[in-house]
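> With the input below, show me the fold.
(2 chains)
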Amino acid sequence: MKAACWMGKQTVEVLDVPEPKILNQRDAIVRITSTAICGSDLHLYNGFVPTMERGDIMGHEFMGEVVEIGSQVKNLKVGDRVVVPFPIACGACAACKAEMYSLCENSNPNAWMAEKMWGHSPAGIFGYSHLTGGFAGGQAEFARVPFADVGPLKIENGLSDEQVLFLSDILPTGYMGAEMADIEPGDVVAVWGAGPVGQFAMLSAYLLGAERVIAIDRIGYRLEMARDKVGAEIINYEQSSVLETLKEMTGGRGPDACIDAVGLEAHGHGPMFIYDRAKQAMMMETDRPIALREAIIGCRNGGTVSIIGVYGGFIDKFPIGSLMNRSLTVRAGQCHVHRYMKPLLERIEKGEIDPTFVITHTMPLLDAAQGYETFVNKEDNCEKIILKAA
Amino acid sequence: MSLAQGLGWFSVGLGAAQVLAPRTMARLIGIEESGGNVALMRALGMRELASGVGIFSQKNDRAFLWGRVIGDMMDLALLGVAAASARTDKRRLAGAALAVAGATALDMIVARQRSNPEVTDVATSTVDEWDERADEADAAPRVHEIITINRPHDEVARLWPEIARRPDVGDHLGSAEVSFHATPRGETEVRVEVEYEPRGGKLGAMAAKVARKDPGSHIHRELRHAKQIIEVGEVVHSDASIHRGKHPAQPDREVRI
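Residues are numbered from 1 along each chain as shown, chains lettered A, B, ... in the order given. Next up, the predicted model:
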């Protein structure tokens, strides 16, 4: 089969690889129809996530048709159309029972690697380095889906791939970002990053009762999307000071909640950005926390900072004093996708959410290499790329 | 005075000279007295001071001693870089390199003594005392591993003897001493204690740990396998994990489990 493989830093090639087989009795094999490139795939692409190996199949946002099931999968049958959540979760461990699916205790066969780096291991993730299991990803014609009796969501209502594909990751991730922000009616919510996850976080913030949503980015077309499609107010941080503008917009207090939808490759300007780039280049910090620092400093006293942008390792100059002395709450996490799939599918069915507005590019899987290049360079007003595998 | 202490005093002296008189030191070893070189000399002096003082102040000085060896390698590398430059005095540079090489050898001898008690002591009784202390710290190598399983105590205790011996779990857990402890949440903590005979001395034990072939790593992995079998029915695999050693995350032509 064809699959988009990581072949080194900033190199993805579509190669012929063997087709997946059932390895565990709760596996299913899915013939993929649509898959997408995620902003977090770019962290792998750019070489910021350790434990990648040449030949790793990329991709953790995918959907398709069940073509084979293991003997213990009772809820699916061949021919079912499913969306697959990006974290792999067993449904039986204490974490899964608590609906913290991205913290499943059984789904990462390389848990020891994650324990070395992070103290404890989160769940396995498709196509997301060996630290999270060494699972082949979904930017391919077929994928093996472990715990198929727990994760995949059946789509039975004739909705298009475009309408439901993002239930695999970015829509629930954005939603969880807003949920963690503990939004109350009248709240002002600022979102750093107007990529697809940021857009969905803004949209969800409104759904959860925010009065005003403010988008912060540097890329004009992304801010325009936030303004025109989601109804957010916008700040372009290359044109105005974020902290000053936020104060101006909130009577001097700052937003009630700040959502970091940027993560470890944040951009910025001024000496701090140069400082972080240099430290990252010299491997003295792994992640550039420019957006996160600003989200903390900008947040109102007693407010909440919600982190859904991906971080991998260590950061420098973390404003712990601001956080502690001003009673901020920080919440974070890889999305517990399984928890949100059904309720969000219902919202899509009812027409309350139409996630298709973020799609700017659709191309065949065979063009994945070009897709990565377009996405990483923000060429051609690229916001979200769907790859068609069939 | 022990060899280690001698090295410590040597470092303090050298470090002080580098920090206080960087230009003289630069001239002495035959490199240009440029601003960059002077700053570098001061920085190296600070490191030298730290590694010298460290010998006297560290309770567990093994890491420090190996750190010194790495520092020596760094100095040799810098001298090598300097040798490639046209603006250096090659004769003095060679002298400096010879001195550093000598120091490296001494640092390695002392570091090895600390790391491996079987190496014959070449210096002093103080080294012996330190070795004894190090031995006490790692006395009777024991592995202690623990995992929590989301099933009631009685069930885990009943299933354990059979599961611990399953070939897909591994072959270290079956014979290990194990105890079960019910948690207030109705889960079960499984504790395993194993005593073992380390092979290949301390360096060997360290290498085994890095390669995850030490008893601790084996037991840790097998406890996870047992948890998976009890909680989800089988050992969980990924496309890469079914292979020994490295393998990309992509399906294989043959399934080998």
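
> center of chain A - which residue?
Nearest to the mean C-alpha position of chain A, by CA atoms, centre = their mean, lies residue A:170 at 5.0 Å.

> my read: that one touches residue A:37, true?
No: contact criterion CB atoms under 8 Å: residue A:170 and residue A:37 do not qualify, at 10.7 Å. (Glycine included, C-beta is placed from N, CA and C.)

> which stretches of the stretch 51-200 of chain B have low pLDDT?
Residue ranges of the stretch 51-200 of chain B with pLDDT under 70: B:56-62, B:64, B:113-140.

> How about the residues of it by chain A?
B:148, B:150, B:185, B:187 (CB under 8 Å from any CB of the partner chain).

> How about the secondary structure of the first one?
This points to residue B:148. Using DSSP: H, G, I helix; E, B strand; the rest coil, the structure places residue B:148 in strand.

> what's near enough to touch it?
Contacts here follow CB atoms under 8 Å, 6 or more residues apart in numbering or on different chains; on that basis residue B:148 touches A:94, B:183, B:187, B:188, B:189, B:190.

> Check what pLDDT the first one gets.
Per-residue confidence (pLDDT) for residue A:94: 98.

> where does it fall, phi/psi-wise?
Backbone dihedrals for residue A:94, given as degrees, to the nearest 10, come out at phi -60, psi -40.

> List phi and psi for the residue lying closest to it once chain neighbours are set aside.
Spatially, and ignoring its direct neighbours in sequence, residue A:94 is nearest to residue B:150 (4.7 Å; CB to CB, 6 or more residues apart in numbering or on different chains). Note on residue B:150: its backbone torsions stand at phi -80, psi 60 [degrees, to the nearest 10].

> returning to what we had before: out of the residues of the stretch 51-200 of chain B next to chain A, who's nearest chain A?
residue B:150 (4.7 Å; CB to the nearest CB).

> Relative to residue A:25, how far out is the closest one?
Per CB to CB, to the nearest Å, residue B:150 is found 20 Å from residue A:25.

> so who does residue B:8 touch?
B:52, B:53, B:54, B:55, B:56.

> List only buried entries from the residues you listed.
Among the contacts of residue B:8, those that count as buried by neighbour count (16 or more other CB atoms under 10 Å in any protein chain shown) are B:52, B:54, B:55.

> so the second one is in which element?
Secondary structure assigned from DSSP states H and E places residue B:54 in helix B:35-57.

> export the contacts of residue B:8 to TSV and tack on distance to residue A:358?
Formatted as TSV, these follow (distance: CB to CB, whole Å):
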residue	distance to residue A:358
B:52	59
B:53	58
B:54	55
B:55	60
B:56	62
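
> and which of the residues you listed is nearest residue A:9?
residue B:54 (37.0 Å; CB to CB).

> Give me the distance between the closest one and chain A.
Going from residue B:54 to chain A by CB to the nearest CB, to the nearest Å gives 22 Å.

> Longest helix in chain B, by number of residues?
Looking across chain B with DSSP state H, the single longest helix is helix B:90-115.

> orientation of that one relative to helix B:35-57 in degrees?
With axes from the mean of the first three to the mean of the last three CA atoms, to 10 degrees applied, the angle from helix B:90-115 to helix B:35-57 works out at 30 degrees.

> next one: helix B:90-115 to chain centre, how far?
Helix B:90-115 has its C-alpha centroid displaced from the chain centroid by 22 Å (CA atoms, centre = their mean, to the nearest Å).

> which residues of the stretch 151-300 of chain A fall in strands?
Under the criterion DSSP state E, counting those that start in this stretch, strands of the stretch 151-300 of chain A are mapped to A:153-154, A:188-192, A:212-217, A:233-236, A:257-260.

> Present those as CSV; the columns should include mean neighbour count and distance to chain B.
CSV is the format used below for the strands of the stretch 151-300 of chain A (neighbours: other CB atoms under 10 Å in any protein chain shown; distance: least, CB to the nearest CB, whole Å):
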stretch, mean neighbour count, distance to chain B
strand A:153-154, 17, 20
strand A:188-192, 31, 31
strand A:212-217, 25, 32
strand A:233-236, 19, 38
strand A:257-260, 31, 28
